[in-house]
Each structure stands twice: as structure tokens, then as C-alpha cells.
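Undergrad: Structure, please.
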Amino acid sequence: MTGFHSARMLEMCVARSKMARTCTHLRRFLLTVCFVQVTYGFNLDTGLPIIKSFSEKESYFGFSVAQHQRTVNGGIENLFIVGAPKYNTSQIGVLEGGGVFRCPVSTYDNDCTLIDIDTEGDEPGEEKSDQWLGVTVKSQGKDGKVLACAHRYKRVKTDSLGELTERSGNGKCFQMDRNFEIDSDYLINGEIGRASCRERV
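TA: Sure thing, here's the model as predicted:
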């Protein structure tokens, strides 16, 4: 093989190598363009945001949020369900038991109302203080059920002198109908509308 042929073959190999690299770069570019075309971004609405405020700053208002829709007088009402797991309710003897609020989708920032989920103080064998009711809130969607959970709800046992002997962190969830009434169709262990986290899963 002459020197001319060797040089020519070397040029062809270099050209093929450059072409292969070019094809690789072109392929990567086309894949990137295709990927970008099917990717959609999500941004918060900063032009007209819906802001809800609450006077108790230590209540963790807004810790959890869910959207809920219900039919009212033939029309659709859009609501936010907002958890405030360290809210102080009027429950006797309960400190920072937590609360759940319903807020209309509106431009007003102070039109949220507390949902009456658990209004009683501690019953024998339970501890509701610091239970974090509202740490989780869920909606099934339009006219569906609503769920609110207190994952730090505890069952307790005491001895004959009233001394604490056992504390069990069961957690508790409440199921409500579309109008935020405790669901009487949902019954576990004789308790209407509520179940421990173990029973719920």
C-alpha cells in the first residue's frame, strides 16, 4: 500500500470519526428538544394569589391544605381545607390539640371558619393535648368525603392511684361527609366517624 493510499484511508477514518461525533451530538440535541417540548412547568400564581391568614401564628395554620368542592343550592362551592395542628381549641384540659378550618376561595384573607370535629376534652384513657389534629387533611373531590388526622393522638393507662403506667401513640383520623359533618356511615370499634391510624390503614 502506497503512502498516498495510507494517508487517504487515515483521512477517511478521521472524517468518519468526526461524523460519528457530529451524529452523536445531533442525536443528543434532538432528544433534548423533544424532551423540552413535552415538559410543562408549574408556577405559583404571583399575579393574583389567594392568601389566608390567621391570628394564632403558633398554630401552624396552613401546615396541610386540600382542595374541596361541594354542591350547594345547585351551584359549586370551592373551598380550601386547612390544617392548624397546634391550634388551641376550647376543649377543656386540652393544650394545642389542633384544628381544621374551611376557607372559601375568595380574595378575603380572614374568612376561614373552624370545623367542629372534636369538641370534647379528654375522655378516660386518652390524651388529646399535642395530638396535632390537622397534620393531614384530604378530600375525595367534588361532593366526596373529607379526612382529617391527628397522628400524635395517644391512648393512656393509669394505675389505681391515677399514675400514668402506659402511653400508646395510636394516632386518630376523622372521616366527614361533604358538609364536614362526622360521617355516621363510617363505624369502627363502636366509634362513629373516627378510627386509629392502625385501623385506618
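Undergrad: CA atoms for contacts and neighbours, from now on please.
TA: OK.
Undergrad: number of nearby residues for L164?
TA: L164 has 11 neighbouring residues, counting by other Cα atoms under 10 Å.
Undergrad: can you give me phi and psi for the closest residue to it other than its chain neighbours?
TA: Spatial nearest neighbour of L164, chain neighbours left out: T158 (4.4 Å); criterion: Cα to Cα, 6 or more residues apart in numbering. Per-residue torsions, T158: phi -130, psi 160 (degrees, to the nearest 10).
Undergrad: where do the helices sit along the protein?
TA: Here the chain has its helices, by DSSP state H, at 3-37, 197-200.
Undergrad: Just give me the lowest mean pLDDT stretch among these.
TA: Lowest mean pLDDT of the helices of the chain: helix 197-200, a mean of 47.
Undergrad: hmm, back to that, quick check, the residue nearest to L164 in contact with E127.
TA: No - T158 is beyond contact range of E127, at 11.8 Å (criterion: Cα atoms under 8 Å).
Undergrad: Who has more neighbours out of those two?
TA: Using other Cα under 10 Å, the more surrounded residue of T158 and E127 is E127, with 22 against 13.
Undergrad: What sits closest to the more buried one if chain neighbours are left out?
TA: Distances taken as Cα to Cα, 6+ apart place K154 nearest to E127, at 5.2 Å, with adjacent residues excluded.
Undergrad: show me the contacts for the one you found.
TA: The contact partners of K154, taken as Cα atoms under 8 Å, 6 or more residues apart in numbering, are 126-128, 131, 167-171.
Undergrad: which ones among those residues are found in strands?
TA: Among the contacts of K154, the members found in strands (DSSP state E) are 126-127, 167-168.
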